[in-house]
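Visitor: 3D, please:
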Amino acid sequence: MPTKQDNQLFNYHINLLKAFNDFARQQVPFNEPSVSEEDTECLNALDELCSASANSEAFNIAGQGFVSKIVAGYSHLTPYLHRDLFWFFGGDCLHYMPDDEVDKYQALDERRYEAEENGENFHYEDERAKVFGLH
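Guide: You can find the predicted model right below:
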């Protein structure tokens with residue numbers, strides 16, 4: 001059963017997807033008068049991810065496919081796809097991350113698991129900022 005912290009983490013990533021969705025729709029080719037069928041399918045996949053209500057294996061597989069599609073087919077948008085999503089979806093998405101970045105996300109996960117084991121609150125964004133040297 002998902003914990004409160006799991007739900008918060010899931011919602012954080014859904015919000016990142018929604019922000020990317022808003023941004024992407026304003027960019028070429030999605031903002032053009034006639035959008036191709038492939039581009040429409042990409043937007044539909046993003047809409048489905050944004051409307052997910054729970055983390056599941058199917059959600060993660062769809063997320064991995066979406067991230068890979070952006071990297072391969074819409075490389076001009078890749079810098080705007082938050083790096084947390086690459087880690088969150090995992091799988092093939094990890095191939096797009098350098099080792100030092102993977103190490104930081106692993107350290108962040110370790111902090112999260114440790115806090116969970118100790119019954120402590122864990123604020124993902126604050127801890128992420130510490131691990132990545134943003135504070």
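
Visitor: from the middle of its chain, how far away would the longest helix along the chain be?
Guide: Assignment by DSSP state H gives helix 4-24 as the longest helix of the chain. Offset of helix 4-24 from its chain centre (CA atoms, centre = their mean, to the nearest Å): 7 Å.

Visitor: quick one, grab the pLDDT at Pro2.
Guide: If you check Pro2, the pLDDT there is 69.

Visitor: can you tell me which residue is spatially central in this structure?
Guide: Among the residues of the chain, Leu85 comes closest to the average C-alpha position under CA atoms, centre = their mean, at 1.9 Å.

Visitor: what comes up buried for the longest helix of the chain?
Guide: 5, 8-10, 13-14, 16-17, 20, 24 (16 or more other CB atoms under 10 Å). Heads up, the C-betas are built off the backbone N, CA and C, glycines and all.

Visitor: also stretch 90-109?
Guide: Per 16+ other CB under 10 Å, stretch 90-109 contains these buried residues: 93, 96-97, 104-105, 108.

Visitor: what do you get for stretch 25-42?
Guide: Burial within stretch 25-42, assessed by neighbour count using 16+ other CB under 10 Å, is assigned to 29-30, 39, 42.

Visitor: also stretch 53-72?
Guide: Buried residues in stretch 53-72 (16+ other CB under 10 Å): 55, 59, 62-68, 70-71.

Visitor: out of those, who's nearest Tyr124?
Guide: Of all the buried residues of stretch 53-72, Asn55 has the smallest distance to Tyr124: 13.9 Å, by CB to CB.
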